[in-house]
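Give me a 3D structure for the following:
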Amino acid sequence: MIDVRNLVVRLGSPPQAVVKRVSFSVETGGSYGLVGESGCGKSTVLRAISGLNPDYRGEIEIGGKVLSPVRPKEFYRSVQMVFQDPYGSLHPRKTIGAQLLEPLRNQRLPRSREAVFEALTSVGLNPELRYRFPHQLSGGQRQRVAIARALILEPQVLLLDEPTSALDVSVQAEILNLLNELREKRGLTYLLVSHDLAVIAHMCDRVGVMQAGQIVEEVEADRLRAGTLEHPYSRLLLEASQQYGGSTEEPLTMNGAA
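Below you'll find the model as predicted:
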């Protein structure tokens with residue numbers, strides 16, 4: 001579903017490469033994680049795939065089609081993004097219902113109360129919340145709204161940029177389990193960016209470890225959970241994660257179920 005080949009992104013003045021010949025692929029219905037410390041380039045990869053940064057070199061292919069740097073409107077019916085900060089990604093002066101209808105309006109699709117009801121229900125929220133504003137919701141509720149807004153167009157691919165890092169640990173588990181359930185139910189393909197190895201181990205089938213703009217190691221999630229990583233940076237990242245309580249052998253759970 002996703003195929004990235006020799007992606008190079010330069011930023012700054014003078015331009016410097018922050019993503020350096022990155023290549024990876026994600027099968028249809030799969031979940032791939034990019035993990036690494038802050039500033040390693042993982043979110044920049046997402047921005048290039050999503051069309052937020054059209055200034056890149058290399059090829060990005062979605063569903064067998066090579067994308068042009070400037071995305072057509074139709075692209076966003078198949079690819080949607082969920083951002084790190086749910087409060088920052090929602091308009092503070094628009095109701096939840098109005099914000100859920102906005103993607104449908106942008107794509108000139110039928111808008112209805114039923115579509116809003118279904119979107120909220122699908123992420124475990126009461127449809128009555130459609131009358132509220134973002135500041136009247138908890139952080140977990142806001143992120144559920146952001147997921148509902150991404151799903152209302154029924155995309156094939158979700159790009160997830162640290163979707164739980166701004167939330168409490170208990171709420172993180174709920175959101176991650178929700179995302180896993182939605183992927184299984186809808187056959188979605190995920191590309192997840194995180195600095196948290198426990199989150200990646202819980203969510204992903206395969207993992208690319210990024211350092212200084214490059215993927216230095218790519219492994220199956222089973223190897224990550226077992227701790228059998230080979231690259232020195234990957235092992236250092238794993239040790240740091242376990243030292244701070246983020247064991248990858250017991251991934252985040254909700255109600256005792258992984």
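
chain center to stretch 197-212: distance?
12 Å (C-alpha atoms, centre = their mean, to the nearest Å).

What mean pLDDT does it get?
For stretch 197-212, mean pLDDT is 94.

now do stretch 171-187
95.

List of residues touching it?
28-29, 31, 122-124, 138-140, 143-144, 147, 151, 154, 156, 158, 160, 163-164, 167, 188-190, 199, 202-203, 252-254, 257 (C-beta atoms under 8 Å, 6 or more residues apart in numbering). C-beta here means a position set from N, CA and C on the backbone, and glycine is covered the same way.

got the buried residues for the top helix by length along the chain?
For the chain, the helix with the greatest residue count under DSSP state H is helix 169-186. For helix 169-186, the neighbour count (16 or more other C-beta atoms under 10 Å) marks 171, 172, 173, 174, 175, 176, 177, 178, 179, 180, 182, 183 as buried.

what's the answer for stretch 68-84, then?
So, applying 16+ other C-beta under 10 Å, buried residues of stretch 68-84: 71, 75, 76, 77, 78, 79, 80, 81, 82, 83, 84.

May I have it exported as CSV, CA atoms only?
Extracted in CSV, the C-alpha atoms of stretch 68-84 (Å, rounded to 0.1, in the frame of the first residue of the first chain):
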residue,chain,number,x,y,z
SER,A,68,3.3,14.0,-7.6
PRO,A,69,4.8,16.3,-4.9
VAL,A,70,1.6,18.5,-5.0
ARG,A,71,-1.3,16.3,-4.1
PRO,A,72,-4.7,16.5,-5.7
LYS,A,73,-7.8,16.9,-3.5
GLU,A,74,-8.8,13.3,-4.2
PHE,A,75,-5.6,12.1,-2.5
TYR,A,76,-7.0,13.0,0.9
ARG,A,77,-9.9,10.6,0.5
SER,A,78,-7.5,7.7,0.7
VAL,A,79,-4.8,9.1,3.0
GLN,A,80,-5.5,10.9,6.2
MET,A,81,-3.3,12.0,9.1
VAL,A,82,-3.7,12.1,12.9
PHE,A,83,-1.5,14.6,14.6
GLN,A,84,0.3,14.6,17.9
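
what are the phi and psi values for the residue nearest the centre of the chain?
In the chain, the centroid-proximal residue (C-alpha atoms, centre = their mean) is residue 160; its distance is 0.7 Å. Dihedral pair for residue 160: phi -120, psi 110, per degrees, to the nearest 10.

Any idea what the residue nearest to it when sequence neighbours are not counted is bridged to?
Spatial nearest neighbour of residue 160, excluding adjacent residues (C-beta to C-beta, 6 or more residues apart in numbering): residue 192 at 4.4 Å. Under DSSP bridges, the beta-bridge partners of residue 192 are residue 33, residue 160.

Correct me if wrong: residue 192 contacts residue 201.
No: applying C-beta atoms under 8 Å as the test, residue 192 and residue 201 come out as separate, 11.1 Å apart.

three-state assignment of residue 58?
Of the three states, residue 58 takes strand under DSSP: H, G, I helix; E, B strand; the rest coil.

Look up how far residue 60 lies from residue 160.
Applying C-beta to C-beta, to the nearest Å, the value for residue 160 to residue 60 is 17 Å.

And residue 46, by the same measure?
In this structure, residue 46 and residue 60 are 11 Å apart, going by C-beta to C-beta.

Then residue 211?
21 Å.

Pick out whichever of these two has more residues nearby.
It is residue 60, of residue 211 and residue 60, that has more neighbours when counted by other C-beta atoms under 10 Å, with 21 against 18.

Quick check: closest non-adjacent residue to residue 79.
In space, residue 79 is closest to residue 157, 4.5 Å off (C-beta to C-beta, 6+ apart).

Sounds good, over and out.
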